[in-house]
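Student: 3D model of this:
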Amino acid sequence: MMRLLTNIRRSIMLIALVMMMFLASSVNGVSAQQMSEETCLERGFDPNNLSCDTCRLIDQSETIQKLEKDQGINIGEECRQCCQFHKVNPVLHPGDSLREKYKYALLTYTKDTLSQYREIKDFLERDLNDILSFKGDTRFKAIVSSKSSMDYETMMQMMMMGVLSGGAGQPKLMFFDKHKKGGWSEDDEDEAVEVIKLRGWKREDLKDMLMTLLPSA
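Tutor: Have a look, this model is predicted:
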């Protein structure tokens, strides 16, 4: 009987966790995570070349604003779910480049939740060594977060009480524009110039971003 009650209790907590993560990942009713490449292409956006600067132009277009109002859609938001912030629009910024913009990047993840992020898991297993061979461990490091050292049931109980957000355990990428003696750690997040939560990111996009924004070893 006790075992049955325990299983029911865990099932209820799991359902609540899923609902909280869904609500936390939504912005104005639209999922905050990136669209799939196929969906982006169907809607006229090429995620391999689309810069987020282009999406800002969409927000400024009166013609598109009228279309959005008439059709009840948000083209600018769809664009932002397909764009790459590390890409540069050559028309808007001729001669500009984001290549080697940052000095160091730190990726943090938790073992307990990594299986939920298949693309990031594949990146760590299949691409991490390639990045390190090109950039070196003085430019990039991936570490297990020390901030999630709690058991699964405790984590869910804290989320249900509102102590932790629905985004707890998400893989995270931090960029720094200078070096630090001894290296940067997850405790230095406030000093990072860019912090990106990697939910919804594709393995190829993550690799391309690191190859572009970090200098070679």
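Student: contacts and neighbour counts: CA atoms only from here.
Tutor: Fine.
Student: Report the distance from the helix or strand hosting Asp122 to the chain centre.
Tutor: For Asp122, the host element (DSSP states H and E) is helix 118-126. Its chain's C-alpha centre lies 13 Å from the corresponding centre of helix 118-126 when counted by C-alpha atoms, centre = their mean, to the nearest Å.
Student: Please identify which helix or strand holds Lys180.
Tutor: Lys180 belongs to no helix or strand, assigned by DSSP H and E.
Student: Give the residue spans of the protein that score low on pLDDT.
Tutor: Applying pLDDT under 70 to the chain flags residues 1-33, 90-98, 148-168.
Student: mind listing the strands for the chain?
Tutor: Remark: strands assigned in the chain by DSSP state E are 26-27, 30-31, 104-109, 140-144, 172-176, 194-197.
Student: Which of those strands sits closest to Asp70?
Tutor: strand 30-31 (18.1 Å; C-alpha to C-alpha).
Student: In the chain, what residue spans correspond to helices?
Tutor: Assigned by DSSP state H, the helices in the chain fall at 2-24, 37-42, 52-60, 62-71, 75-80, 118-126, 128-135, 152-160, 203-213.
Student: burial count for Gln65?
Tutor: 17 (other C-alpha atoms under 10 Å).
Student: Quick check: the gap between it and Glu42.
Tutor: According to C-alpha to C-alpha, to the nearest Å, Gln65 stands 20 Å off from Glu42.
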